[in-house]
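1. Build the 3D model from these lines:
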Amino acid sequence: MKKNRIRIGFGDVSLFLLSLILLTGSCTVFAPCTPKTDGTYMSCHWAGSTVTGIAAALTVISLFHLFTTDKGIKTGLDLSVIPTAVFTALIPQHLIQLCMLNHMRCNSIMRPCVVILAVLLIFNAVCNLLFCDRKK
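-> A predicted model of the protein is given here:
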């Protein structure tokens, strides 16, 4: 009986790192605008919170992808990353409106970073489907 060994490849690690960067970055480096002086939040705060929640889900999916040995499960996880990352890219400005001014932090930093990381996640998942998960 052949024992399945966990083989961690570049596609697995890069998927995990991208989702982890999206998760930690949405809380720190490219977090949206701070609260207003009266303590209330602008709508970009809720966009950032939503991105953080979805990034946490993507991180869990990528952890499963990292440690599973079954190619069918890896394919299913890659297929789940694609629409989730598309949804993540659409959150700032399309699904949840950001601030009106283009120089605000949410428009100048958060939105481009989220979109770039989401596109990289989609690219990584597609590459995993086409190349990495097909290896014997």
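
2. Next one: Ala89, what pLDDT does it get?
-> Ala89 is assigned a predicted lDDT (pLDDT) of 97.

3. next one: the one 4 residues further on
-> Turning to Gln93, the model gives it a pLDDT of 88.

4. Just give the closest residue to it, not the sequence neighbours.
-> Among residues not flanking Gln93 along the chain, Arg111 sits closest, at 5.8 Å (Cβ to Cβ, 6 or more residues apart in numbering). Where C-beta positions appear, they are placed from N, C-alpha and C, glycine not excepted.

5. do Thr68 as well
-> What sits nearest to Thr68 in space, not counting adjacent residues and going by Cβ to Cβ, 6+ apart, is Lys74, at 5.9 Å.

6. Could you do Asn102 as well?
-> Leaving out its chain neighbours, Asn102 is closest to Ser108 (Cβ to Cβ, 6+ apart), at 6.9 Å.

7. What average pLDDT does the top helix by length along the chain get?
-> Secondary structure of the chain read by DSSP state H shows that its longest helix is helix 43-67. Per-residue pLDDT over helix 43-67 has a mean of 95.
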